[in-house]
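predicted structure and sequence below. I'll ask about it afterward.
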Amino acid sequence: MFGLGATELAIILAIVVVLFGARRLPEIGAGVGKAIRNFKSGVSGDDEIDVTPEKDQVAEQAPSSETKHEP
């Protein structure tokens with residue numbers, strides 16, 4: 001894998017843990033996974049790509065209290 005041995009990978013992992021902390025690693029991994037998934041779907045030519053963050057999608061789907069109700 002890119003000419004890196006187990007020792008080099010362990011050193012890189014240790015540096016990443018020191019820089020970002022162990023608690024943020026799952027968040028970073030999830031972000032990288034989503035980025036790779038979006039990149040692959042963009043390269044494959046999928047037309048329906050939704051790049052809106054999840055929390056914004058939920059807010060848009062919730063009914064608004066500003067809607068007018070007619071009798």
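That came through, no problem.

tell me where the model's unsure across the protein.
In the predicted model of the chain, residues 1, 46-53, 55-71 satisfy pLDDT under 70.

so what secondary structure elements neighbour the longest helix that the chain contains?
Secondary structure of the chain per DSSP state H: the longest helix is helix 25-44. If you count contacts as 3 or more CB pairs under 8 Å, 6 or more residues apart in numbering; DSSP states H and E, helix 25-44 packs onto helix 6-20. Any C-beta I mention is one placed from the backbone N, CA and C, and that applies to glycine too.

what are the contacting residues of the helix it packs on?
Helix 6-20 has contacts (CB atoms under 8 Å, 6 or more residues apart in numbering) with Leu4, Leu25, Ile28.

let's go with 7 Å and repeat that
For helix 6-20, contacts defined as CB atoms under 7 Å, 6 or more residues apart in numbering pick out Leu25, Ile28.

okay, it in PDB with CA atoms only?
C-alpha atoms of helix 6-20 as PDB (Å, rounded to 0.1, in the frame of the first residue of the first chain):
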ATOM      1  CA  ALA A   6       3.400  -1.300   9.300                       C
ATOM      2  CA  THR A   7       5.900   0.900  11.200                       C
ATOM      3  CA  GLU A   8       5.300   3.900   9.000                       C
ATOM      4  CA  LEU A   9       1.500   3.500   9.200                       C
ATOM      5  CA  ALA A  10       1.700   3.300  13.100                       C
ATOM      6  CA  ILE A  11       3.800   6.500  13.200                       C
ATOM      7  CA  ILE A  12       1.300   8.300  11.000                       C
ATOM      8  CA  LEU A  13      -1.600   7.100  13.100                       C
ATOM      9  CA  ALA A  14       0.100   8.300  16.300                       C
ATOM     10  CA  ILE A  15       0.700  11.700  14.800                       C
ATOM     11  CA  VAL A  16      -3.000  12.000  13.700                       C
ATOM     12  CA  VAL A  17      -4.200  11.000  17.200                       C
ATOM     13  CA  VAL A  18      -1.900  13.600  18.800                       C
ATOM     14  CA  LEU A  19      -3.100  16.300  16.300                       C
ATOM     15  CA  PHE A  20      -6.800  15.700  16.400                       C
END
